[in-house]
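**Student:** I'll drop the sequence and a predicted model, then ask my questions.
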Number of protein chains: 2
Amino acid sequence: MVVERYSEDFQVPFYECDPSGTLHLSALMNHLVLASEHQLTNLDAGPIFMSTLGLGWVTTQYEIRISRLPRQHEHVTATTRATQYNKFFCYRDFWLYDSQGNELAFVRSMWVVLDLKTRRMVRLPDDLTKKIASEFSPEVIRFDRIEKLDWSHESVMAKTFRVRYFDIDSNRHVNNAHFFDWMLDSLPLDFLKGHAIESMSIKYDNEVTYGSEISSQAVQNQLITHHRIMNGDQLAADAIIHWR
Amino acid sequence: MVVERYSEDFQVPFYECDPSGTLHLSALMNHLVLASEHQLTNLDAGPIFMSTLGLGWVTTQYEIRISRLPRQHEHVTATTRATQYNKFFCYRDFWLYDSQGNELAFVRSMWVVLDLKTRRMVRLPDDLTKKIASEFSPEVIRFDRIEKLDWSHESVMAKTFRVRYFDIDSNRHVNNAHFFDWMLDSLPLDFLKGHAIESMSIKYDNEVTYGSEISSQAVQNQLITHHRIMNGDQLAADAIIHWR
């Protein structure tokens, strides 16, 4: 099957922007993933089809490169394609473009399919892969390794977040996009105001569910910040961000 | 000037839905207000025009009546009109319709204009009112009084929320829609899962800004819940909700 690109336009709404009028990173990721959902729905492989199989897509990793986050009221285009898949992983690229066609952001991502009952990952079923406008390749694509810190020896900034009812989606866990807000919100206000994200790698390790108290921890090293989300003793996600 | 209605369609995205796949109340209100922003922008009275005057719209009160909140992926229509205005207040109605034209929600609202420097309310300027497709009437419309409780004598449920960087919008205060999440999140999970909002009245008293720790307090009396958001000793908002 040929790898097909899919695009859709949207206008950045005021309620997805920060005090400077710039789109939240979490909202960017929501819009990109929504574009992939719409592509899959057009291919009859959307959420309704997945629920008939008792399955759901879960992201395991994102690599994000940002030239500029769009401003409120700006008209932009989200584009995506499922670049390739193997037995267990599907790789998907995303782009955000401004109205002149300039690339604002590029995201590589890795996805697995979860059995919604056992909450374990399963082999991608043929019924699904034949529909997703992508190509099989046995290759396992390596994503940037997120450098491990010795967190006990670092000067750690931390904020605690209680997982709220409205953070939980219909997959019954925290929508991945909330991790971006939690991670960024652990940084000082002045740093957030004065800097923009150049690139970010994030890896999801464990699901977070309603009522958990998570600790969003960060270490800053000049224009690099390291992040992890701890759910008790369990690592939920870690990330590294390069700022400009 | 004739009172003009304005409508726009949207599809409910997965990331604005709760675990049951139903649109968040906060997201409903965001979409309705966005429709009014787009109407005003089409009338050359949108946020850019307002910022040239150094002014911003602020909601003071909503009365909300809900038949049904839409489901994820559902196609719906947001409709609005500025029903009338007087010296200080503008009244605006909103509707949400499903794709068959059934009314899902109706909202009455009261708005004032804030001087963004002094953060005080000002008389609606003629430059603005001549553009907003509404009609002057000296009448002051009364909204439902929100019954005062003696909170010290009630069995109060409370949760604390720290105002996050991503809760603050380009008006440099908390987007009003967050108050809905804070209020609802103070209720027990089982209650939220088993009930739906029939109607809600909410009154905004004071702005909330970054870093504040607010207390979302609620008292349940069968199918009525009373809410208030306290910012220290200051009342930020109060509300009453009727459930079914």
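**Tutor:** Noted; the coordinates are in hand. From a predicted model like this one, the values you see are computed outputs, not experimental measurements.
**Student:** Next to chain B, which bits of chain A? Give me the list.
**Tutor:** Taking C-beta under 8 Å from any C-beta of the partner chain, the part of chain A that reaches chain B is made up of A:13-15, A:17-21, A:24, A:26, A:30, A:33-34, A:37, A:41, A:47-48, A:72-73, A:159, A:162, A:164-166, A:168-170, A:172, A:175, A:177, A:181, A:184-185, A:189, A:192, A:210-211. For the C-beta atoms, the positions are set from N, CA and C on the backbone; glycine is no exception.
**Student:** how does it look with 6 Å?
**Tutor:** For chain A, the residues in contact with chain B (C-beta under 6 Å from any C-beta of the partner chain) are A:13, A:15, A:17, A:19, A:21, A:24, A:30, A:34, A:164-166, A:168, A:170, A:172, A:175, A:181, A:185, A:192.
**Student:** Now, of those residues, which are buried?
**Tutor:** Among the residues of chain A next to chain B, those scoring as buried are A:13, A:15, A:17, A:19, A:21, A:24, A:30, A:34, A:164-166, A:168, A:170, A:175, A:181, A:185, A:192 (criterion: 16 or more other C-beta atoms under 10 Å in any protein chain shown).
**Student:** Pop out the phi and psi values for the residue sitting furthest away from the middle of chain A.
**Tutor:** Distance from the C-alpha centroid of chain A, by C-alpha atoms, centre = their mean, peaks at residue A:153 (28.6 Å). Note on residue A:153: backbone dihedrals following degrees, to the nearest 10 are phi -110, psi 10.
**Student:** roughly how far apart are it and chain B?
**Tutor:** Noted for residue A:153: a distance of 27 Å to chain B, by C-beta to the nearest C-beta, to the nearest Å.
**Student:** what does the model give that residue for pLDDT?
**Tutor:** At residue A:153, the model reports a pLDDT of 83.
**Student:** that older thread, among the residues of chain A next to chain B, which are in helices?
**Tutor:** A:30, A:34, A:181, A:185, A:192 (DSSP state H).
**Student:** So what are the structural domains in chain A, by residue number?
**Tutor:** A:6-129, A:151-243 (automatic domain parsing).
**Student:** TSV for those domains, including distance to residue B:137?
**Tutor:** Formatted as TSV, these follow (distance: least, C-beta to C-beta, whole Å):
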stretch	distance to residue B:137
domain A:6-129	28
domain A:151-243	38
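**Student:** Can you tell me which of those has the worst average pLDDT?
**Tutor:** Averaging pLDDT over each of the domains of chain A puts domain A:151-243 lowest, since it has a mean of 92.
**Student:** Tell me how far it lies from the chain's centre.
**Tutor:** How far domain A:151-243 lies from its chain's middle: 12 Å, per C-alpha atoms, centre = their mean, to the nearest Å.
**Student:** Grab the two from the ones in helices among the residues of chain A next to chain B that are most spread out in space.
**Tutor:** Looking at these by C-beta to C-beta, the two members farthest from one another are A:34 and A:192, with 25.0 Å of separation.
**Student:** partners of the residue nearest to residue A:224 when sequence neighbours are not counted in the sheet?
**Tutor:** Closest residue to residue A:224 apart from its sequence neighbours, by C-beta to C-beta, 6 or more residues apart in numbering or on different chains: residue A:242 at 5.8 Å. For residue A:242, the beta-bridge partners under DSSP bridges are residue A:199, residue A:224.
**Student:** What count of nearby residues applies to residue A:242?
**Tutor:** Applying other C-beta atoms under 10 Å in any protein chain shown, we find 14 residues neighbouring residue A:242.
**Student:** Could you report the distance from it to residue A:87?
**Tutor:** Note on residue A:242: its distance to residue A:87, by C-beta to C-beta, to the nearest Å, is 32 Å.
**Student:** got it, and residue A:20?
**Tutor:** As defined by C-beta to C-beta, residue A:20 lies at a distance of 44 Å from residue A:87.
**Student:** next one: residue A:210
**Tutor:** Here the distance between residue A:210 and residue A:87 works out to 32 Å (C-beta to C-beta).
**Student:** okay, the two: which has more neighbours?
**Tutor:** Per other C-beta under 10 Å, whichever of residue A:210 and residue A:87 has more neighbours is residue A:210, with 15 against 10.
**Student:** Next up, phi/psi of that one, please.
**Tutor:** Note on residue A:210: backbone dihedrals following degrees, to the nearest 10 are phi -50, psi 140.
**Student:** my guess is residue A:68 meets residue A:104, correct?
**Tutor:** Yes: counting by C-beta atoms under 6 Å, residue A:68 sits close enough to residue A:104 to count as a contact (5.2 Å).
**Student:** Compare those two (neighbour count), which wins?
**Tutor:** Neighbours per residue (other C-beta under 10 Å) separate residue A:68 from residue A:104, with residue A:104 holding more: 19 against 14.
**Student:** Reduced to three states, what does that one come out as?
**Tutor:** When classified by DSSP: H, G, I helix; E, B strand; the rest coil, residue A:104 comes out as strand.
**Student:** can you map out the strands along chain A?
**Tutor:** For chain A, the strands defined by DSSP state E cover A:6-11, A:55-66, A:75-85, A:90-98, A:103-115, A:120-122, A:157-162, A:197-204, A:213-221, A:224-231, A:234-243.
**Student:** Can you tell me what sits against the third one?
**Tutor:** Contacting residues not belonging to strand A:75-85 are listed as A:3, A:5-9, A:11, A:31-32, A:35-36, A:70, A:90-99, A:124, A:129, A:132, A:134-135, A:137 [C-beta atoms under 6 Å, 6 or more residues apart in numbering or on different chains].
**Student:** Can you mark which positions in that strand are buried?
**Tutor:** Using 16+ other C-beta under 10 Å as the test for burial, strand A:75-85 gives A:76, A:77, A:78, A:79, A:80, A:81, A:82, A:83, A:84, A:85.
**Student:** go on, the second one?
**Tutor:** Using 16+ other C-beta under 10 Å as the test for burial, strand A:55-66 gives A:55, A:56, A:57, A:58, A:59, A:60, A:61, A:62, A:63, A:64, A:66.
**Student:** Which strand residues bridge the residue nearest to the last one when sequence neighbours are not counted?
**Tutor:** What that stands for is residue A:66. Once flanking residues are discounted, residue A:66 sits nearest to residue A:105: 4.8 Å by C-beta to C-beta, 6+ apart. On the basis of DSSP bridges, residue A:105 is bridged to residue A:66, residue A:96.
**Student:** Tally up the residues packed near the residue lying closest to residue A:60 once chain neighbours are set aside, please.
**Tutor:** Nearest residue to residue A:60 in three dimensions, chain neighbours excluded: residue A:110, at 4.9 Å (C-beta to C-beta, 6+ apart). Around residue A:110 sit 21 other residues, with neighbours defined as other C-beta under 10 Å.
**Student:** Could you measure from the residue nearest to residue A:224 over to residue A:27?
**Tutor:** Remark: distance between residue A:242 and residue A:27 (C-beta to C-beta) = 20 Å.
**Student:** do the same with residue A:127
**Tutor:** Distance, residue A:127 to residue A:27, using C-beta to C-beta: 32 Å.
**Student:** So between these two, which is more surrounded?
**Tutor:** Neighbours per residue (other C-beta under 10 Å) separate residue A:127 from residue A:27, with residue A:27 holding more: 22 against 12.
**Student:** For the nearest residue to that one once chain neighbours are set aside, list the residues it contacts.
**Tutor:** Leaving aside its chain neighbours, residue A:27 sits nearest to residue A:16 (3.7 Å; criterion: C-beta to C-beta, 6+ apart). Going by C-beta under 6 Å, 6+ apart, residue A:16 touches A:23, A:24, A:27.
**Student:** Return the closest of these with respect to residue B:234.
**Tutor:** Distances from residue B:234 to the contacts of residue A:16, taken by C-beta to C-beta, are shortest for residue A:24, at 27.4 Å.
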